[in-house]
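Visitor: Sequence plus predicted model, see below.
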Amino acid sequence: MSPLAIPPGMPIRVVGDVHGDAGAFAYAAATDRFLIQLGDLVDYGPDSAEVLRLMFRLIDEGRGLFLLGNHDFKLARKLAGQHVRSDEPVAETVAQLDPELRARTLAEIRRAPAWLHHGAALFVHGGFHPAMLNGPAPPVELRHPDGPLSRALYGEPTGRIQPDGFPERSLGWIDRIPAGRVVYCGHDRRSNDGRPWRHTGMAGGEAVFLDTGAGKGGHLSWIDLPAP
């Protein structure tokens, strides 16, 4: 069985953005469930290197996988020698990685799926695109993403910049989730009570946001799903 496959009949733990919060991630990973992490393992928090080591142990043991997040994608481009916008979080992450961990990190991010189907659930980092219903995510290339891959990594930008300097993001994509489908995602910190935020769109589908600020002054959230 591929280490990136969800074992049949296994209950699942879906974990939101970790952002270097190794202690919280170790706690979340202490489970018999198969762990699906929704991307953005690295940056901001105190120990991105240990987060990566733990994630790779889960992969090696067939107990988990991670999806491609925008911060993971940027780290891979940086490790591959490509030019990325220089900012402090990715530079701090790179400084934590020894040569062996750098090589493993680049390899694992290159093969991380941008989205993943499991029954009625779709797991993705940033946001839903209808083309994702056509099948599994294609192999990711370390170049400027577009179409469904851009949506998977960054959500749906409005084209406006918020006062904090980050792009404003629309939630219009939720209205395009078909009835009966649930999209589990991170990226946007929408919760105002510290719990995963749920929203049902106009077409009847549901989005569940699990980013509750781990590594950025908040905490790590997860949801346990039963075996199908």
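Guide: Great, that's in hand.
Visitor: what is the mean pLDDT for stretch 179-193?
Guide: Averaging pLDDT along stretch 179-193 gives 93.
Visitor: What of stretch 126-140?
Guide: 92.
Visitor: Counting neighbours, what do you get for Ile59?
Guide: Ile59 is flanked by 19 other residues according to other C-beta atoms under 10 Å. For glycine as for every other residue, the C-beta is placed from the backbone atoms N, C-alpha and C.
Visitor: whoops, I mixed them up, Ala179
Guide: 10.
Visitor: switch to numbering from 637
Guide: Taking 637 as the first residue, the last one we looked at is Ala815.
Visitor: Against Ile648, how distant is it?
Guide: 22 Å (C-beta to C-beta, to the nearest Å).
Visitor: Closest to the centroid, which residue in this protein?
Guide: Computing the C-alpha centroid of the chain and ranking residues by C-alpha atoms, centre = their mean puts Gly675 first, at 1.8 Å.
Visitor: From what I see, it and Leu711 are in contact.
Guide: No - with contact defined as C-beta atoms under 8 Å, Gly675 does not count as touching Leu711 (11.3 Å).
Visitor: residues bridging contact with these two, i.e. touching both?
Guide: Shared contacts of Gly675 and Leu711, defined by C-beta atoms under 8 Å, 6 or more residues apart in numbering, are absent.
Visitor: Buried residues, whichever strand in the chain runs longest. List them.
Guide: Ordering each strand of the chain by length in residues (DSSP state E) puts strand 792-797 first. Buried residues in strand 792-797, counted by 16 or more other C-beta atoms under 10 Å: 792-793.
Visitor: Need the CA coordinates for it. PDB is fine.
Guide: What follows is strand 792-797, C-alpha atoms only, in PDB (Å, rounded to 0.1, in the frame of the first residue of the first chain):
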ATOM      1  CA  GLU A 792     -10.200  32.600  -3.600                       C
ATOM      2  CA  PRO A 793      -8.600  36.100  -3.500                       C
ATOM      3  CA  THR A 794     -10.800  39.100  -4.100                       C
ATOM      4  CA  GLY A 795      -7.900  41.200  -5.500                       C
ATOM      5  CA  ARG A 796      -8.000  43.500  -2.500                       C
ATOM      6  CA  ILE A 797      -5.400  43.800   0.200                       C
END
